[in-house]
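Enquirer: A structural model of the following input is requested.
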Amino acid sequence: SGPAFALILLAKSFAVISQGGSSLLMGADRQHTVLAIVVVCGILKIVLDVVLIRQFGLHGAVIAYGVATMTTSTAMIAFGLRVSGAQLPWSRLLRIVAAGLIAAVLALPLHWLGHPLATAAAGGIMVAFTYGLATLVLGCWSTGDIAWLQSAHQRLAASRPAPVASLLAWAGRRAAPEPA
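Expert: As a prediction, this is how the structure comes out:
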C-alpha cells in the first residue's frame, strides 16, 4: 500500500542520514556504542514485530520498522554528536525540512492520477523540481554549494538554459557563507 511504502522510505532516509553519526562513533573508536545501539534497537524491533504484526498485520510491520529505524537513527546521531562535540545547523536543517514539506504538499494531488507508473513518474518530477527550487529560495545552500552548481552548469550545459544560470546567480548572491 502507498502509505506503508511512504513510511518505509521516510524511515530509510533517516537511516541513511544517521550513517554520519555512525561514522563519527567508529572514528572515535566507539564501536561498542554502535553495537549496543544496534542490539537494543534490534530487540525493540523484534518486540514491536511480535506485538504489532499480530494486531495490525502489514501496517503493524511497517510501524515496527519505522519506530525501530527512527530510534536507531536518532541514537546514532545523538551519540555521534555527543562524542564529536559537533553542532547541528538547526536553522539550515529546518529550511531543508520546509523545502521537503513544500515539495511533498505540491506533489500530493498527483496521487489522483490513478495509474501507479504515471503517478510515480509525475510525482518524482514534481518533487525533484519543487524541492530543488524551494531549497534555492529558502537559502538552504552555502556559497560554496552554489559555486559548485554554477561550475557544473557551465561545464555540462555551457550555462544553458540562461534562466537556470540567472537563478543560480541570484541564489549565490543570497547564499549563506561557508560554515566555519
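Enquirer: if I look at residue 120, how far off is residue 110?
Expert: As for residue 120, its distance to residue 110 is 9 Å (criterion: Cβ to Cβ, to the nearest Å). For every residue, glycine as well, the C-beta is placed using N, CA and C.
Enquirer: So for these two, which residues contact both of them?
Expert: Common contacts of residue 120 and residue 110 (Cβ atoms under 8 Å, 6 or more residues apart in numbering): none found.
Enquirer: Report the residue spans of the chain with pLDDT below the cut-off.
Expert: For the chain, applying pLDDT under 70 flags the ranges 1, 179-180.
Enquirer: list the contacts for the residue sitting furthest away from the middle of it?
Expert: Of all residues in the chain, residue 54 has its C-alpha farthest from the mean position, at 30.7 Å, by Cα atoms, centre = their mean. Taking Cβ under 8 Å, 6+ apart, we find residue 54 in contact with residue 60.
Enquirer: Can you say which helix or strand has the residue nearest the centre of the chain in it?
Expert: The chain has residue 13 as the residue nearest its centroid, 5.0 Å off, counting by Cα atoms, centre = their mean. Assessed by DSSP states H and E, residue 13 sits inside helix 2-17.
Enquirer: do residue 59 as well
Expert: If you go by DSSP H and E, residue 59 is part of helix 58-84.
Enquirer: and that helix with helix 2-17, angle?
Expert: 20 degrees (axes from the mean of the first three to the mean of the last three Cα atoms, to 10 degrees).
Enquirer: Any buried residues in helix 58-84, and which?
Expert: For helix 58-84, burial by neighbour count (16 or more other Cβ atoms under 10 Å) applies to 60-73, 75-77, 79-80, 83-84.
Enquirer: ok, back up a step: what helices or strands is the helix holding residue 13 leaning on?
Expert: Counting contacts by 3 or more Cβ pairs under 8 Å, 6 or more residues apart in numbering; DSSP states H and E, helix 2-17 packs against helix 58-84.
Enquirer: Relative to the whole chain's centre, how far out is the helix it packs on?
Expert: Its chain's C-alpha centre and that of helix 58-84 lie 14 Å apart, by Cα atoms, centre = their mean, to the nearest Å.
Enquirer: which residues are contacting the helix or strand that comes right after it?
Expert: Along the chain past helix 58-84, the next helix or strand (assigned with DSSP H and E) turns out to be helix 90-107. Outside helix 90-107, the residues that touch it by Cβ under 8 Å, 6+ apart are 123, 126, 127, 130, 131, 134, 135, 138, 139, 140, 176.
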